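J.: Sequence first, then the predicted structure:
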Amino acid sequence: MRRRLLIGIAFVLAALVGAPSAGWAAPGDTVVDGTLPDGAAYRFEVPAGWNGTLLLFSHGYRGPGSPNPAADGPDAQTDRWLLAHGYALAGSSYATTGWAVAQAVPDQAATAELFAARFGHPRRTIAWGSSLGGLVTGSLLDARPDLVTGALPMCGVLDPVGAWNQALDAEFVFATLAAPTANLRLVGITDPVGNLAGAQAALDAAQATPQGRARIALTAAVADVPAWSDPSAPEPAAGDLAAQEHNQYVDLRAAAFPFAFALRAELEARAGGVVSWNTGVDYRRQLARSADRSLALGLYRAAGLPVEADLAALAAAPRVAADRRAVAYLAANHEPSGRLAVPVLTLHTTGDGLVAPEQERAYRNAVAQAGDGRLLRQVFVHRAGHCAFTMGEAVAALRALEHRLDTGRWDGATEPSALNAAASAVGGPVAPAFLRYRPGPPERTETGLRDG
């Protein structure tokens with residue numbers, strides 16, 4: 001059964017996870033490929049004029065059955081620029097695919113240690129990574145602070161318990177209100193391909209009616225799914241409710257639903273039970289807190305649908321309870337503590353439909369509670385999409401973190417104007433879009449992170 005489950009998840013992921021970039025090296029650069037004792041592959045790329053900085057890159061989620069080569073940078077273009085400017089690159093594949101944080105943290109630590117044994121200890125090691133790799137980066141700060149000089153988590157799942165709870169909120173609201181007869185499994189999913197297909201078919205049917213679109217907007221509101229999904233298109237106007245809801249529909253179908261209705265099964269198989277719960281959740285309060293409350297309420301009014309009746313239906317519907325041991329597994333692998341020993345700069349897009357920017361607010365709360373807020377800065381790019389940063393924006397964030405490491409002060413290095421100027425100097429066809437931004441409060445606070 002487990003083998004069939006994992007094979008099914010692999011088919012789901014085929015449309016979600018792109019192939020990792022191939023490495024790039026110029027003549028004179030040193031490239032080393034190898035394998036760790038647990039089977040994870042690693043790669044080092046060291047330019048002839050190495051500046052002494054090692055960038056330890058942690059890649060994002062890869063599903064069972066997906067290719068799993070070592071990754072030492074986010075993409076070939078960025079890797080090429082970094083090598084040309086003297087940075088050494090390193091990264092591993094992790095010993096397993098899926099929600100492999102338990103394997104990723106020791107694999108990345110071993111990769112850094114092997115690099116030092118081969119090339120000497122770097123002057124500094126900056127850990128960075130995207131999506132699940134952002135979480136791995138944050139986890140390294142807890143597990144191996146001795147290896148890291150600074151960290152740059154990008155679009156990171158920095159409150160994983162809260163993120164999976166929000167995914168359950170989306171499943172629960174949608175299945176209860178928009179697809180009550182679709183027999184969708186919210187947890188304990190044994191047929192991820194069929195479950196996702198049923199959820200997407202029900203979503204398509206709901207999108208065809210005013211009442212369905214209102215309920216899609218409510219689903220998106222409680223899960224912090226933004227109303228902007230296409231990074232190549234302008235953000236929908238504030239009063240264009242139809243365009244905003246259509247963007248939410250696209251993000252739910254392409255990103256949120258595959259993880260919620262299918263890929264959840266991989267994590268539950270790993271954790272040994274249900275990792276999310278909505279017992280005691282007040283969805284009326286969730287809606288009131290949401291940044292997209294007015295959009296959902298506007299569509300309910302346009303559809304002539306009483307939102308109070310739907311909120312009452314949610315309050316009366318049976319809830320999902322978690323397996324305490326499974327939650328403990330997810331929290332241990334890994335809910336970052338917020339305790340920082342080195343400077344950390346996080347980077348996120350404002351229109352991320354897979355990992356909500358509210359994750360950054362939860363992380364900031366944890367760091368503040370630990371008393372280490374002076375070491376953290378958070379910057380945002382005004383763009384739709386998950387991890388949709390340009391090369392210039394990623395390099396600008398890296399340079400801002402280096403300024404803090406060089407001087408001991410953030411100064412104005414993380415101001416949007418300074419970041420946009422630094423990104424413009426790197427160049428590229430897309431204008432940089434850093435802005436001053438404060439995410440809303442995370443919808444879920446059961447993880448122990450108080451709203452800040």
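T.: Yep, it's here. All figures in this text were calculated on a predicted structure; none of them were measured in a lab. Residues are numbered from 1 along each chain as shown.
J.: just the helices in the stretch 1-150 of the chain please.
T.: Here the stretch 1-150 of the chain has its helices, by DSSP state H, counting those that start in this stretch, at 2-14, 76-84, 101-119, 132-143.
J.: Among those, single out whichever gets nearest to Ala433.
T.: Relative to Ala433, the nearest member of these by C-beta to C-beta is helix 76-84, separated by 17.0 Å. Heads up, the C-betas are built off the backbone N, CA and C, glycines and all.
J.: just how off-centre is the closest one within its chain?
T.: Centre-to-centre, helix 76-84 and its host chain are 23 Å apart (C-alpha atoms, centre = their mean, to the nearest Å).
J.: and that helix, what other elements does it pack with?
T.: Under the contact criterion of 3 or more C-beta pairs under 8 Å, 6 or more residues apart in numbering; DSSP states H and E, helix 76-84 touches strand 88-92, helix 391-407.
J.: what's the most buried one of the helices of the stretch 1-150 of the chain?
T.: Stretch with highest mean neighbour count among those: helix 132-143 (a mean of 26; mean count of other C-beta atoms under 10 Å).
J.: same for that one, what does it pack against?
T.: The contact analysis (3+ C-beta pairs under 8 Å, 6+ apart) places helix 132-143 against strand 53-58, helix 101-119, strand 124-130, strand 150-154, strand 344-351.
J.: quick one, it and strand 124-130 angle?
T.: 140 degrees (axes from the mean of the first three to the mean of the last three C-alpha atoms, to 10 degrees).
J.: quick one: helix 132-143 to strand 150-154, angle?
T.: Using the same axes, to 10 degrees, helix 132-143 lies at 150 degrees relative to strand 150-154.
J.: Mind listing residues that contact helix 132-143?
T.: Outside helix 132-143, the residues within contact range by C-beta atoms under 8 Å, 6 or more residues apart in numbering are 56-61, 99-101, 104-106, 108-109, 127-129, 147-148, 151-158, 160, 333-334, 336-337, 339-342, 344, 346, 355, 363.
J.: Would you pull up how far it lies from the middle of the chain?
T.: Worked out by C-alpha atoms, centre = their mean, helix 132-143 lies 12 Å from the chain centre.
J.: Could you do stretch 307-322 as well?
T.: 28 Å.
J.: okay, it in CSV with CA atoms only?
T.: Extracted as CSV, the C-alpha positions of stretch 307-322 are listed here (Å, rounded to 0.1, in the frame of the first residue of the first chain):
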residue,chain,number,x,y,z
VAL,A,307,-22.3,34.1,4.7
GLU,A,308,-23.6,33.5,8.2
ALA,A,309,-25.4,30.3,7.1
ASP,A,310,-22.1,29.0,5.7
LEU,A,311,-20.2,29.9,8.8
ALA,A,312,-22.8,28.1,10.9
ALA,A,313,-22.4,25.1,8.6
LEU,A,314,-18.7,25.1,9.2
ALA,A,315,-19.2,25.5,13.0
ALA,A,316,-21.5,22.4,13.0
ALA,A,317,-19.4,20.2,10.7
PRO,A,318,-17.3,17.3,12.2
ARG,A,319,-13.7,18.3,12.8
VAL,A,320,-10.3,16.6,12.3
ALA,A,321,-8.2,15.6,15.2
ALA,A,322,-4.4,15.1,14.9
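J.: Going by neighbour count, list what's buried in it.
T.: Neighbour-count burial for stretch 307-322, counted by 16 or more other C-beta atoms under 10 Å, picks out Val307, Asp310, Leu311, Leu314, Ala317, Val320, Ala322.
J.: And for stretch 353-370?
T.: Buried-residue list, stretch 353-370, by 16+ other C-beta under 10 Å: 353-367, 369.
J.: Can you dump the C-alpha atoms of it in PDB for me?
T.: Extracted in PDB, the C-alpha atoms of stretch 353-370 (Å, rounded to 0.1, in the frame of the first residue of the first chain):
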ATOM      1  CA  GLY A 353       0.000  31.200  -3.200                       C
ATOM      2  CA  LEU A 354       1.800  28.200  -1.800                       C
ATOM      3  CA  VAL A 355       3.700  29.400   1.200                       C
ATOM      4  CA  ALA A 356       1.800  32.400   2.500                       C
ATOM      5  CA  PRO A 357       3.900  35.500   3.400                       C
ATOM      6  CA  GLU A 358       2.200  35.300   6.800                       C
ATOM      7  CA  GLN A 359       4.700  32.500   7.500                       C
ATOM      8  CA  GLU A 360       7.200  35.300   7.900                       C
ATOM      9  CA  ARG A 361       5.100  37.000  10.500                       C
ATOM     10  CA  ALA A 362       5.000  33.700  12.500                       C
ATOM     11  CA  TYR A 363       8.800  33.400  12.200                       C
ATOM     12  CA  ARG A 364       9.300  37.000  13.300                       C
ATOM     13  CA  ASN A 365       7.000  36.400  16.300                       C
ATOM     14  CA  ALA A 366       9.100  33.300  17.300                       C
ATOM     15  CA  VAL A 367      12.400  35.300  17.000                       C
ATOM     16  CA  ALA A 368      11.000  38.200  19.000                       C
ATOM     17  CA  GLN A 369       9.900  35.800  21.700                       C
ATOM     18  CA  ALA A 370      13.400  34.300  21.900                       C
END
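J.: okay, Arg444: pLDDT?
T.: pLDDT recorded at Arg444 is 77.
J.: which ones are touching it?
T.: Contacts for Arg444 (C-beta under 8 Å, 6+ apart) come out as Val161, Gly162, Asn165, Gln166, Asp169, Val281.
J.: Can you tell me the element the first one falls in?
T.: Here Val161 is covered by helix 160-177, with elements defined by DSSP states H and E.
J.: Would you mind identifying the helix or strand in the chain with the lowest mean pLDDT?
T.: Here the helix or strand of the chain ranked lowest by mean pLDDT, DSSP states H and E is helix 2-14, holding a mean of 47.
J.: How about the contacts made by Leu275?
T.: Not quite, residue 275 is Val, not Leu. Listed by C-beta under 8 Å, 6+ apart, the contact partners of Val275 are Val161, Trp164, Arg264, Leu267, Glu268, Ala322, Asp323, Ala326, Val327, Tyr329, Leu330.
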